[in-house]
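Enquirer: Turn this into a model:
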Amino acid sequence: MNTSLESTAGRTDQRPPRKRMAKENELAEGKYLYAIIVCPEPREFKTRGIGERGDVVQTINYRRLAAVVSTSAIIEYENSRRNMMAHTVVLEELMTEFDLLPVRFGTVATSAELIESRLLALRYDEFTALLEEMHGRIELGLKAFWHEGAAFEEVVKENAKVRKLRAALQGRSLEESYYERIELGEEVEKAMNQIRARDEEMILSRLKPFSHKTKTNKIVSDRMVLNAAFLINREDSAAMDDAVKRLDEEFGDRLMFKYVGPAPPYNFVNIVVNWGE
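Expert: Sure thing, here's the model as predicted:
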């Protein structure tokens, strides 16, 4: 008996084992979402979709609205620079022509039908109202930082208690002045927070007149003074630019400004999708 031959009797799948395995390991495909726009007619865009496969970015339309999507494997996308950039460049192309509602990075639907029924149809009124609010508006971001040592120098100059505590530490060892140093650190932190609040209020007072909405975000470093986003009318962008320029000219000796935009309204719209609901 030749045991090297395998009978095919009773098999329902006659594909060679290697090809069958490759087919079974293929990932299911769905639709990756980028944004919601007002677009009654089907459209395709120049930018290719996430995943580096060359997928066409196009619309799924429902009445006056459309979801901007590309075909994608149904996977969880890593928050890598490459993936985030692929998502962002699609939004940048859309912004040249449309107001948009950005969808959270990494949102994938199993089918176009699901997007139409469970997103566009179900939330049509919500998205329509949000797009009306976003019409003709863009987001600009501003971060402000103290120059190295600038705030501490102001604290020492303005705060008599800090100067007194600091002087009392001269010539004393770390061990014998341990608690005094803790007290000094607490006083410096308190004083710097007061200066930060004062500087933040000053900056915002200069910029809020040009802003439809303002959002302040978390301070993420000791030298950061302000982390804010502004939703502004496009026609006010030049005035906003000038106001930021004047701040830099007036306070550039103690503050650094990082000014970015225009950007999609990430801080003012957060489209989160739960397909199970």
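Enquirer: SS state for the nearest residue to Ser221 once chain neighbours are set aside?
Expert: Distances taken as CB to CB, 6 or more residues apart in numbering place Phe145 nearest to Ser221, at 7.5 Å, with adjacent residues excluded. Using the backbone N, CA and C atoms, a C-beta is placed for each residue, glycine as well. Three-state call for Phe145 (DSSP: H, G, I helix; E, B strand; the rest coil): strand.
Enquirer: Mind pulling the model confidence for Phe145?
Expert: Phe145 carries a pLDDT score of 95 in this model.
Enquirer: give the contact list for it.
Expert: Going by CB atoms under 8 Å, 6 or more residues apart in numbering, Phe145 touches Ser221, Arg223, Met224, Val225, Leu255, Met256, Phe257, Lys258.
Enquirer: between those, which has the most around it?
Expert: Val225 (25 neighbours; other CB atoms under 10 Å).
Enquirer: what about Ala151, neighbour count?
Expert: Ala151, neighbours per other CB under 10 Å, totals 23.
Enquirer: give me the low-pLDDT residue ranges for this protein?
Expert: 1-26, 152, 156, 158-169, 171, 173, 176-181, 183-184, 276-277 (pLDDT under 70).
Enquirer: now the strands for it?
Expert: Secondary structure of the chain (DSSP state E): strands located at 29-38, 44-48, 56-62, 65-73, 100-102, 108-109, 137-146, 213-216, 224-233, 255-263.
Enquirer: Could you measure from the residue nearest to Ser221 over to Arg43?
Expert: 41 Å (CB to CB, to the nearest Å).
Enquirer: Ok, Gly30 next?
Expert: Taking CB to CB, one finds Gly30 at 20 Å from Arg43.
Enquirer: which of these two has more neighbours?
Expert: Gly30 (19 against 16).
Enquirer: Roughly how far does the more buried one sit from Ala239?
Expert: Distance from Gly30 to Ala239, by CB to CB: 44 Å.
Enquirer: could you pull out the helices for the stretch 151-277 of the chain?
Expert: Here the stretch 151-277 of the chain has its helices, by DSSP state H, counting those that start in this stretch, at 160-168, 178-207, 237-251.
Enquirer: Could I get the contacting residues of the closest residue to Ala228 other than its chain neighbours?
Expert: Once flanking residues are discounted, Ala228 sits nearest to Thr216: 4.9 Å by CB to CB, 6+ apart. Contacts here follow CB under 8 Å, 6+ apart; on that basis Thr216 touches Glu200, Leu204, Leu226, Asn227, Ala228.
Enquirer: Is there a quick ChimeraX command that grabs whichever of the residues you listed are buried?
Expert: To isolate the buried ones among the contacts of Thr216 in ChimeraX, judged by 16 or more other CB atoms under 10 Å, type:
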select :200,204,226,227,228
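Enquirer: Please convert the contacts of Thr216 to a markdown table, extending it with distance to Arg137.
Expert: Shown next, in a markdown table, are these (distance: CB to CB, whole Å):
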| residue | distance to Arg137 |
| --- | --- |
| Glu200 | 23 |
| Leu204 | 18 |
| Leu226 | 21 |
| Asn227 | 20 |
| Ala228 | 16 |
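Enquirer: nearest to Thr107, of the contacts of Thr216?
Expert: Distances from Thr107 to those, taken as CB to CB, are shortest for Asn227 (25.3 Å).
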